[in-house]
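Asker: Provided below are the primary sequence and the corresponding predicted coordinates.
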Amino acid sequence: MPQKMTSYFNDFLKEIRLTTAQVNELKSAHTTLRERLMNDETLSKYIETTFLQGSYKRSTAVRPKNGNRSDVDIVVVTKFDKDEYNPEEVLDVFEPFLEKYYEGKYRKQGRSWGIEMSHVDLDIVPTASVSLAESGLLENSMISSNEDLYSLNEALIGNVNSYNWTTQYNSFFFAKEDEGWRKEPLYIPDREAMMWDQTHPLEQIRWTQEKNKNCNGHYINVVKCLKWWRKEKFSEVKHPKSYPLEHFIGDCCPDKIESVAEGITLSLEKIVNSYPSKPYLSDRGVPEHDVFARLSDDDYNAFYDSVCNAAIVARNAYDANSIEEGAKLWRELFGNKFPEPPKKDETIFTERKNDSREIPGGRFA
């Protein structure tokens with residue numbers, strides 16, 4: 001019988017999620033920034049609204065390592081017409097504001113302004129979409145809210161199988177008649193290319209929430225665990241980075257999983273069996289964008305080989321004959337943040353004849 005290891009994964013997730021202090025710092029920093037933007041005498045007339053995006057909003061962020069800071073992205077929906085203003089011009093409009101409130105702490109980036117606080121990194125991502133800004137479709141509590149999917153999921157840990165995720169999903173996001181926003185992406189700056197590039201962060205948020213519902217509330221925790229595995233075991237490998245990895249997990253994690261352990265195991269095996277070569281991953285809401293476009297074949301092959309090895313360990317852990325054996329193997333995969341096994345397992349199990357197994361169709365290093 002599979003080892004779900006529910007209490008072990010609950011404890012592990014507490015160790016790799018953002019701490020309460022980190023969440024409070026992020027909320028304070030982005031709330032202050034958003035209020036300043038909307039109340040600024042000069043900027044406010046160009047801004048329709050602001051909303052959060054990225055792994056923090058989607059609740060797939062994990063605790064920073066190696067001295068890195070927590071970060072959050074703030075999308076600023078402006079009233080600038082992309083056909084009349086180039087990306088550099090729109091980015092430059094924000095500089096006096098940044099000089100006023102964040103002197104010495106800001107820097108211009110390819111698609112955004114970065115603000116480096118003591119414990120938090122903020123990204124201001126200006127967008128151009130006149131029709132969407134004027135449509136009223138962004139006047140929704142989900143968009144303006146400071147909350148994230150994690151806030152919903154946190155209270156349900158250990159109780160997800162008895163929770164009505166469909167009801168929660170429908171009440172938390174958009175009513176069906178309000179889905180006009182899905183037809184129009186936003187445009188973000190690409191300074192290097194001197195052009196506006198399409199993005200659809202709201203569809204990424206919606207897709208993640210629906211996926212989490214379809215996975216009985218386990219999906220965002222599967223993503224957290226595999227992001228941590230990537231940080232813990234392969235920090236020297238640069239790609240795939242946070243969102244491309246998350247997107248790939250989303251494509252590979254099956255619906256209706258009954259535990260985090262099952263989701264991890266099946267997601268890794270899906271990558272091994274179905275994607276020995278780098279795939280084209282259509283971005284949520286902008287299908288002509290390949291999420292893996294910046295990932296080289298060499299980087300993908302290195303990543304794939306690491307997944308092959310991880311898939312063996314995960315399968316052996318999931319099928320382990322005892323809690324002790326399973327905990328040791330999950331700890332091997334995730335590092336010392338995963339709880340140690342009990343000192344003694346008093347339950348008697350049938351001895352396994354084969355300690356490792358291969359996944360048909362995969363390439364293993």
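Answerer: Happy to help now that I have it. Residues are numbered from 1 along each chain as shown.

Asker: where does the stretch 1-150 of the chain dip in pLDDT?
Answerer: 129-150 (pLDDT under 70).

Asker: Go again with 80.
Answerer: Within the stretch 1-150 of the chain, the stretches with pLDDT under 80 are 1, 66-67, 129-150.

Asker: And the strands in it, which stretches?
Answerer: When secondary structure is read from DSSP state E, counting those that start in this stretch, the stretch 1-150 of the chain shows strands at 47-53, 70-78, 106-108, 113-116, 120-128.

Asker: Rebuild these as a markdown table, extending it with mean neighbour count and distance to residue 6.
Answerer: Heads up, the C-betas are built off the backbone N, CA and C, glycines and all. Output for these, formatted as a markdown table (neighbours: other Cβ atoms under 10 Å; distance: least, Cβ to Cβ, whole Å):
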| stretch | mean neighbour count | distance to residue 6 |
| --- | --- | --- |
| strand 47-53 | 20 | 30 |
| strand 70-78 | 22 | 27 |
| strand 106-108 | 15 | 43 |
| strand 113-116 | 18 | 39 |
| strand 120-128 | 22 | 32 |
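
Asker: Secondary structure element holding residue 298?
Answerer: Assigned by DSSP states H and E, residue 298 belongs to helix 297-318.

Asker: quick one: buried residues of that helix?
Answerer: If you call a residue buried by 16 or more other Cβ atoms under 10 Å, then helix 297-318 has these buried ones: 299-300, 302-304, 306-308, 310-318.

Asker: what element comes up after that helix heading to the C-terminus?
Answerer: Assigned by DSSP H and E, the successor of helix 297-318 is helix 323-334.

Asker: sorry, back to before: I'd like the strands of the stretch 1-150 of the chain as CSV, with distance to residue 224 appended.
Answerer: Formatted as CSV, the strands of the stretch 1-150 of the chain follow (distance: least, Cβ to Cβ, whole Å):
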stretch, distance to residue 224
strand 47-53, 18
strand 70-78, 14
strand 106-108, 29
strand 113-116, 24
strand 120-128, 19
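
Asker: Among those strands, single out whichever gets nearest to residue 242.
Answerer: Closest to residue 242 of the strands of the stretch 1-150 of the chain, according to Cβ to Cβ: strand 70-78, at 9.7 Å.

Asker: Mind listing the strands the closest one pairs with, and their directions?
Answerer: Paired neighbours of strand 70-78 in the sheet (DSSP bridges): strand 47-53 (antiparallel), strand 120-128 (parallel).

Asker: export the ones you listed to a markdown table and tack on distance to residue 11?
Answerer: A markdown table is the format used below for the strands paired with strand 70-78 (distance: least, Cβ to Cβ, whole Å):
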| stretch | distance to residue 11 |
| --- | --- |
| strand 47-53 | 28 |
| strand 120-128 | 26 |
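
Asker: which stretch among these comes nearest residue 15?
Answerer: The nearest among the strands paired with strand 70-78, by Cβ to Cβ, is strand 120-128 at 20.5 Å.

Asker: For the spatially closest residue to residue 56 that is not a sequence neighbour, which residues are in contact?
Answerer: Spatially, and ignoring its direct neighbours in sequence, residue 56 is nearest to residue 72 (4.5 Å; Cβ to Cβ, 6 or more residues apart in numbering). Each residue near residue 72 by Cβ atoms under 8 Å, 6 or more residues apart in numbering is listed here: 26, 29, 30, 52, 54, 56, 57, 120, 121, 122, 123.

Asker: tell me which of the residues you listed is nearest to residue 100?
Answerer: Nearest to residue 100 among these is residue 122, at 15.2 Å by Cβ to Cβ.
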